[in-house]
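*Asks:* can't give you the sequence, but here's the structure:
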RNA sequence: GGUGAGGUGGAUGAGUGGCUGAAAUCAACGGUUUGCUAAACCGUCGUACGUCCUUAAAGAUGUACCGAGGGUUCGAAUCCCUCCCUCACCGCCA
């Protein structure tokens, strides 16, 4: 959620930035300012009336103590009159506050100045590429054929147990998942991230805090009996750890990492996007999250990108880093870099990580603040990134490293997997 | 799921209708003292939204908030109702 003072101070600039995201309902900005104005007026009115009620009530107490009952009674009537004028004000104030909140939530985060212009994924800018694309032999096949041949992921049985898009990992496939999770977590904790294993369902307040609600409600699995949501990423529970907290400046940066399965309904997906492991309803992911001083967030963003890049280098996968254009960024992000790995048999790039700076957008909703050296309370900045999402990493490892003897794993995984070959 | 006890500021914890936005202690922060550390002493030490004042900072002032929401009352942390959570015991169970 954008900070009201920011909108107040520079509504036109806000509108300009929103245009970069192709957010056209700029009338919202004016509506918000209008509501804010009304709110202030009503609050002043309420406060002055309520102050009178409070002081008169005290007088009544004093009169009663002195036994002056008649005066007390007449004061009581005064209060009653005040309260009847107060009632409509209170109601109106409540309404306006709710409206203001509702409208405020509809505004996406403002893109940073670094965000490239553009409307579609084609406008994203390749920042850099790394690794080497393998030259695959003619008989090379996509991962959905490989997993069948090797019998390491069983989609049919997953569909029988649950439904399509719920893969059942088996044997070395299950083991590879475990190895990757373990490796990623070790890599992150070695870089100073504290490991968490969070709840996989969250309540409404948490889903709202990171911006899944109300924007992406349909993307989450919902458990109506308890009003819980299955997490679409561990970002949700992990960032919410510090909801409504005021940190000390010396606590910053807070660096957290967590593994979790991720649940996504992926309503509306179709075609080659969903083939095999390319897009599934349940997948595993290790996430990194940081809460940082607002002055540092862009430096930290770079640091996180380098961190994820190192991981991909260690996995010996060809990758590229994209700066997402205004039209392709998420609602809540101020700047996002996507990481894609090259899936050699499908001959396409697959997104495996998205590293974003949210500035104060999430933390304003969650009220995650810190006291600066002057003792002033301000919002921290939040960032997160995948490190990494497993299924597509697995798809690429399988496709890119296939050979006559089987799948050769990168050195970094040998220890974790307990071997160097899937055959 | 049942029964009982609770939920107060960073922590402990007092507060059963007005003098309580909240005692006290601890922690934290600033200072004095000290060769250094410790101790001692002094001071500061909730959040949000407004208003006034100011270039701003600071300051003054109002309102709300003692798990959440509602109610009673002139007046609620305090009484009542609903919900949530925590703890203990029982039941069930990985």
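*Replies:* It's in. Predicted model only: the values in this text are computed from it and were never measured.

*Asks:* please report how far residue A:6 lies from RNA strand B.
*Replies:* 12 Å (CB to the nearest atom of the strand, to the nearest Å). C-beta: built from backbone N, CA, C; applies to glycine.

*Asks:* so who does residue A:291 touch?
*Replies:* A:239, A:242, A:247, A:252-254, A:363, A:368, A:380-382 (CB atoms under 8 Å, 6 or more residues apart in numbering).

*Asks:* switch to 7 Å and redo it
*Replies:* A:242, A:252-254, A:368, A:380, A:382 (CB atoms under 7 Å, 6 or more residues apart in numbering).

*Asks:* a markdown table for these, including neighbour count?
*Replies:* As requested, the contacts of residue A:291 are exported to a markdown table (neighbours: other CB atoms under 10 Å):
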| residue | neighbour count |
| --- | --- |
| A:242 | 23 |
| A:252 | 18 |
| A:253 | 18 |
| A:254 | 20 |
| A:368 | 25 |
| A:380 | 28 |
| A:382 | 27 |
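
*Asks:* just checking, which of those belong to strands?
*Replies:* A:254, A:382 (DSSP state E).

*Asks:* which one in the contacts of residue A:291 is the model shakiest on?
*Replies:* For the contacts of residue A:291, the model is least confident at residue A:252; its pLDDT is 88.

*Asks:* just give the nearest non-adjacent residue to that residue, would you?
*Replies:* Excluding the flanking residues, the one nearest residue A:252 by CB to CB, 6 or more residues apart in numbering is residue A:293, at 5.0 Å.

*Asks:* quick check: pLDDT value at that neighbour.
*Replies:* Reported pLDDT for residue A:293: 93.

*Asks:* ok, back up a step: just the contacts of residue A:291 now: which is nearest RNA strand B?
*Replies:* Lowest distance from RNA strand B to the contacts of residue A:291 (CB to the nearest atom of the strand) belongs to residue A:368, with 11.2 Å.

*Asks:* got the contact list for the closest one?
*Replies:* Here residue A:368 is in contact with A:242-243, A:245, A:291, A:379-380 (criterion: CB under 7 Å, 6+ apart).

*Asks:* got the buried residues for the helix or strand harbouring residue A:304?
*Replies:* Residue A:304 is part of helix A:297-314 when elements are defined by DSSP states H and E. Neighbour-count burial for helix A:297-314 flags A:297-298, A:300-301, A:303-305, A:307-309, A:311-312 (criterion: 16 or more other CB atoms under 10 Å).

*Asks:* ok, now stretch A:318-326?
*Replies:* Neighbour-count burial for stretch A:318-326 [16+ other CB under 10 Å]: A:318-326.

*Asks:* end-to-end on it?
*Replies:* 26 Å (CA to CA, to the nearest Å).

*Asks:* and it, how far out from the chain's middle?
*Replies:* With CA atoms, centre = their mean, to the nearest Å as the basis, stretch A:318-326 stands 18 Å off its chain's centre.

*Asks:* stretch A:303-317 now?
*Replies:* 21 Å.

*Asks:* likewise for stretch A:316-328?
*Replies:* For stretch A:316-328, the distance to the chain centre is 18 Å (CA atoms, centre = their mean).

*Asks:* now tell me what touches it from outside.
*Replies:* A:20-22, A:111, A:115-121, A:123-133, A:305, A:309, A:312, A:336-342, A:349, A:396, A:400, A:410.

*Asks:* many thanks, we can stop here.
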